[in-house]
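Visitor: Everything below, folded, please.
(chains A and B)
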Amino acid sequence: MIGLRAPTMVTIGLFVLMYAVFALQFPYMATPRVAGNLLTDSAYLGILAVGMTMVIVAGGIDLSVGAVMAFSSLLIAIAIGNWGLHPLAAFAVALTLGAGFGALVGAAIHYLEAPPFIVTLTAMFLARGAALVLSQDSVPVQHPLYAQMASWSVPLPGGGGLTLIAVIMIAAFVLGGLILHRTRFGSQVYAVGGDARAALLMGAPVGRVTILIYAFSGFMAALAGVVFSIYTGAGYALSGVGVELEAIAAVVIGGALLTGGSGGMIGSFFGVMIQGLILTYITFEGSLTSWWAKIVIGLMILLFLVLRAAGDSRWLNRLRALSSGARR
Amino acid sequence: MSAFKDTTRWLMTARPQLAALALVLGLNMVIAPGFLELTWSDGRLYGSPINLLNRAAPVALLALGMSMVIATRGIDLSVGAVMAIAGAVAAVLVNSGAPWPVAVAAALGAGLACGLWNGVLVAVIGIQPIVATLILMVAGRGVAQLITDGRILTFNDPGLAAIGGGAWLGLPIPVWITLAAAMALIVLTRRTALGLFIEAIGVNPAASRLSGVNSRMVLICVYMVSGLMAALAGLIVAGDIRGADANNAGLWLELDAILAAVIGGASLYGGRLGLSLALLGVWTLQGLKLAILRSGLPAEYNLIVMALLIAVILALQSPAGGRAWRRLTPSRREIAP
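Guide: Next up, the predicted model:
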């Protein structure tokens, strides 16, 4: 099981279909250069979606990721510019803080028995507020290593290239996929998301899983902050406002259920790519504005929800027919 | 005599919320000694308390609808986007020459339609409320942009502008709208069985259905009320700035409304409906924002103070916090609300 189930296949099919239709209209869209840019421009959203997938599969939600991303990108910029830290050391600080903050959020959810929605909303205020306290201005990063990182890329045949941040995003998906689909911890995440009570009775360490998934999401949000600071060459407290919704949308389009216990990394990857593809198409088209993207993404979420609802009820009916003798 | 009994019982249940509001108002008085002063000029009242009620009106309306939705174990993330849609509809109609009552009616109709959409997704198709309303939250602003053609539409119609900036009998019109909406909804939920149905659905949807509650109808109605309240809030915001800003009208106000409902004692697991308590929550939140502003503390501490406040409330409301509280006060027998 690597997360290739029917909803994932629908997501991949939709992506391929959309890409094909767009490429027929604008043949240049099919070039490696555009594909490379698609990956680069989606890098930070993709990394957020990796953490969000883990949280949503476990039946939670994390609204704080955009704010944590902004905080860490700003912290990195200030650490390099004002405190004279080496970029790699700044990255380590930001990633540690992100994971620690996430663990704290997970602990609050578990020990206070509070809804993840409200706890992560509070965490969002806290992280955004802390970022604003650090600086209200956009802080540029000037370091030779940054210029190198921003320009480094694996050349693709036919022009364009796979930039460093695109490579980091793909690595994050591979890591997330291995953890979620290939480890005992991953199975526990599915168990907790499917039914936390049953998972507890079966002996899954629900508290530990809850804390670890939010720590993972916080780590990924901080990594997205690293990538964002390389991508834009600056840190800004108000960057990524609302990006948590895009990440949730990507995971839902990728075939996950917000009730938990369902979803996968491959689906989420294509959920991110579909959103990037819509924005790329709008850029190519020229006359459309970005609010069309919002409407299309909203409709796409609806499409997937209705598909899942229809699929689930059919599945339930079959189950009911099979066990009609056993039931009452 | 039962009115007296009702009042005392309300005062007993509202103790924590009233205490919080009193604390915040006290804080304001310490920071600005003339806080409670009211002046009368040009036929209306002026002063910080009036200002507070006026500024809090949009969130108050949202919080009224939101508490009803939350009591059914739901949530409505789309209210900010619905505000933008309602403002856009009213502005476009007024600019095309329609009289303002028509524009207002159309905006309210748009709000009801948005609520119907959410309600059908939740109650008929069976999608979880967070995602179902997420669709309109994401797409709604796009729709509002579509209506205003991507521009900030300004208007000069005095009738529509009065909804946000006018006054009647000495009080700003947004305050009257808040009070009227609150009274109407409280009567609707407490003088009929509707409030009981709403709480029953929140406590146990299956059991309420089996005992004959038409949960599908009640849910749709609740989301429509939330849409209507959002449309009213959208009209107030549009009237206040004499324009419809599809990008920023009501942005993130859904979060304020949810917070206010939670401060008012609502449980996100449903089953607790307290409209008046939610209003107290809204005013507490607004008072706190005012206090931070007045204290000269940089505005960027706003979010941190709010986050810490919510963290404290969450800890107190949590089952673990409740157990600790009972251990500290062993003599008192707390009755679970």
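Visitor: List the buried residues of stretch B:113-123.
Guide: B:114-115, B:117-123 (16 or more other CB atoms under 10 Å in any protein chain shown). Every C-beta, even on glycine, is put in place using the N, C-alpha and C of the backbone.
Visitor: Contacts for that stretch next, please.
Guide: Stretch B:113-123 has contacts (CB atoms under 8 Å, 6 or more residues apart in numbering or on different chains) with A:302, A:305, B:74, B:76, B:78, B:82, B:85, B:127-129, B:132-133, B:135-136, B:140, B:215-217, B:219-228, B:230-231.
Visitor: same thing with stretch A:266-279?
Guide: So stretch A:266-279 is contacted by A:2-4, A:7-8, A:11-12, A:14-15, A:18-19, A:22, A:38, A:41-42, A:45-46, A:49-50, A:52-53, A:173, A:177, A:246, A:249-256, A:290, A:293, A:296-297, A:300 (CB under 8 Å, 6+ apart).
Visitor: Among these, name the buried ones.
Guide: Buried members of those, counted by 16+ other CB under 10 Å: A:3, A:7-8, A:11-12, A:14-15, A:18-19, A:22, A:38, A:41-42, A:45-46, A:49-50, A:52-53, A:173, A:177, A:246, A:249-256, A:293, A:296-297, A:300.
Visitor: Now, those that are in helices?
Guide: Taking DSSP state H as the definition of helices, the buried ones among the contacts of stretch A:266-279 contribute A:7-8, A:11-12, A:14-15, A:18-19, A:22, A:38, A:41, A:45-46, A:49-50, A:52-53, A:173, A:177, A:246, A:249-253, A:293, A:296-297, A:300.
Visitor: Now narrow the residues you listed to whatever sits close to chain B.
Guide: Near chain B, judged by CB under 8 Å from any CB of the partner chain, the entries from these are A:249, A:252, A:293, A:297.
Visitor: right, and the last one touches residue A:249 too?
Guide: Yes. Counting by CB atoms under 8 Å, residue A:297 sits close enough to residue A:249 to count as a contact (5.6 Å).
Visitor: Overlap in contacts, those two.
Guide: By CB under 8 Å, 6+ apart, the residues touching both residue A:297 and residue A:249 are A:275, B:138.
Visitor: the strands in chain A, which residues?
Guide: A:139-140, A:153-155, A:161-163, A:234-235 (DSSP state E).
Visitor: ok, and what's touching the third one?
Guide: Under the criterion CB under 8 Å, 6+ apart, residues A:36, A:39-40, A:43, A:150, A:152-156 lie in contact with strand A:161-163.
Visitor: Show me which of these are buried.
Guide: A:36, A:39-40, A:43, A:150, A:153.
Visitor: now the helices for the stretch 101-250 of chain B?
Guide: Ranges of helices in the stretch 101-250 of chain B, per DSSP state H, counting those that start in this stretch, are B:129-148, B:158-165, B:173-190, B:194-203, B:205-210, B:215-241.
Visitor: relative to helix B:215-241, how tilted is the first one?
Guide: Relative orientation of helix B:129-148 and helix B:215-241, computed by axes from the mean of the first three to the mean of the last three CA atoms, to 10 degrees: 40 degrees.
Visitor: and which of the contacts of strand A:161-163 is nearest to residue A:110?
Guide: residue A:43 (31.1 Å; CB to CB).
Visitor: Could you check how many residues crowd around residue 181?
Guide: You didn't pick a chain, so chain A it is. Residues near residue A:181, counting by other CB atoms under 10 Å in any protein chain shown, number 18.
Visitor: my bad, chain B
Guide: Residue B:181: 22 neighbours (other CB under 10 Å).
Visitor: contacting residues for it?
Guide: B:61, B:64, B:229, B:232 are the contacts of residue B:181 under CB under 8 Å, 6+ apart.
Visitor: can you rerun that using 10 Å?
Guide: B:57, B:60-61, B:64-65, B:225, B:228-229, B:232-233, B:275, B:279 (CB atoms under 10 Å, 6 or more residues apart in numbering or on different chains).
Visitor: Now do it against residue B:69, distance only.
Guide: 15 Å (CB to CB, to the nearest Å).
Visitor: All set now, cheers.
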